[in-house]
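Q: Here is the input, now give the coordinates:
(2 chains)
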Amino acid sequence: DTEVTQTPKHLVMGMTNKKSLKCEQHMGHRAMYWYKQKAKKPPELMFVYSYEKLSINESVPSRFSPECPNSSLLNLHLHALQPEDSALYLCASSQDVRGVEQYFGPGTRLTVT
Amino acid sequence: QKEVEQNSGPLSVPEGAIASLNCTYSDRGSQSFFWYRQYSGKSPELIMSIYSNGDKEDGRFTAQLNKASQYVSLLIRDSQPSDSATYLCAVTGANNLFFGTGTRLTVIP
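A: Numbers count the residues shown, from 1 in each chain, chains lettered A, B, ... in the order given. I've put the predicted structure just below:
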């Protein structure tokens, strides 16, 4: 089973709202990732968690706050977003961080109004 | 900065033809190489992984790797309209993947 799930599928939020994106995997993977993808662009890495610890933060603004409650779950907390943050947010997981296959969830389509 | 380069396309092939997608990368230390397929509005789907020089075949897909030339390719035989998508080449760095900008493939019935 190579399934990564994400909720919600779609999210519309105002610039003053606080919301969270959720990601779950049951493959026993120990690395999880958040990516942001704009139209016609490749996925852009935001955060990497390895064994539930944040290992990479690609200079992401503080209005995005990741959390890894356990090895199967990954959250992305959103606060005071800007319209330019509207994008497809993708979660991925892999067995570990060392050059192995990453499997993506279906994504959350975020619109900031 | 690690670079992965692909022709953005669009690449158009007739149904039943072979589609050839190419990718070059800049980091000689890269060890793992992947091809993802992404349909419009959907997430990337892993379709091929290749780790050593040579060819790897999986159904209608063949991945080819040449580390000396820093080149990886994907061949799709007997192309079908359902293969119309953007194909992303990805190359590993120290702890993450570096993606090319993708090649948009259109298979014409």
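Q: elements contacting the helix or strand of chain A with the lowest mean pLDDT?
A: In chain A, the helix or strand scored least confidently by mean pLDDT, DSSP states H and E is strand A:53-57, which has a mean of 89. Secondary-structure packing of strand A:53-57 (3 or more Cβ pairs under 8 Å, 6 or more residues apart in numbering or on different chains; DSSP states H and E): strand A:44-50, strand A:64-70. Yep, even glycine has a C-beta here, placed from its N, CA and C like the rest.
Q: for the record, mean pLDDT for the first one?
A: pLDDT averaged over strand A:44-50 equals 94, rounded to a whole number.
Q: Just the angle for that strand relative to strand A:64-70, thanks.
A: Here strand A:44-50 runs at 30 degrees with respect to strand A:64-70, directions being taken by axes from the mean of the first three to the mean of the last three Cα atoms, to 10 degrees.
Q: Tell me the residue in chain B that is farthest from the middle.
A: B:Pro109 (21.9 Å; Cα atoms, centre = their mean).
Q: Is the residue most central in space within chain A bridged to anything, and to what?
A: By Cα atoms, centre = their mean, chain A has its centre lying nearest to A:Trp34, at 3.0 Å. Under the criterion DSSP bridges, A:Trp34 forms beta bridges with A:Phe47, A:Cys91.
Q: Using PDB, write out every CA atom in the helix or strand hosting B:Ser73.
A: Secondary structure assignment for B:Ser73, by DSSP states H and E: strand B:71-76. This file holds the C-alpha atoms of strand B:71-76, laid out as PDB (Å, rounded to 0.1, in the frame of the first residue of the first chain):
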ATOM      1  CA  TYR B  71      21.600  12.000 -18.300                       C
ATOM      2  CA  VAL B  72      18.400  10.100 -17.600                       C
ATOM      3  CA  SER B  73      15.600   9.500 -20.000                       C
ATOM      4  CA  LEU B  74      12.100   7.900 -20.100                       C
ATOM      5  CA  LEU B  75      10.800   6.100 -23.100                       C
ATOM      6  CA  ILE B  76       7.100   5.300 -23.400                       C
END
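Q: Show me what it is packed up against.
A: Using 3+ Cβ pairs under 8 Å, 6+ apart, strand B:71-76 sits against strand B:19-25, strand B:33-38, strand B:61-66, strand B:85-92.
Q: Counting neighbours, which bits of it end up buried?
A: Buried residues in strand B:71-76, counted by 16 or more other Cβ atoms under 10 Å in any protein chain shown: B:Val72, B:Ser73, B:Leu74, B:Leu75, B:Ile76.
Q: show me the contacts for the first one.
A: The neighbourhood of B:Val72, defined by Cβ atoms under 8 Å, 6 or more residues apart in numbering or on different chains, consists of B:22-25, B:33, B:35, B:50, B:63-66, B:89, B:91.
Q: Chain B contacts on chain A?
A: A:2, A:33, A:41-43, A:45, A:48, A:50, A:55-56, A:88, A:90, A:97-107 (Cβ under 8 Å from any Cβ of the partner chain).
Q: Kindly give a single PyMOL line that selects the buried subset of the residues you listed.
A: Here is the PyMOL command that selects the buried residues among the residues of chain A next to chain B (16+ other Cβ under 10 Å):
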select buried, chain A and resi 33+42+43+45+48+50+56+88+90+97+99+100+101+102+103+104+105+106+107
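Q: In contact with the residue nearest to the centre of chain A, which residues are there?
A: A:Cys23, A:Leu45, A:Met46, A:Phe47, A:Phe64, A:Pro66, A:Leu74, A:Leu76, A:Tyr89, A:Leu90, A:Cys91 are the contacts of A:Trp34 under Cβ under 8 Å, 6+ apart.
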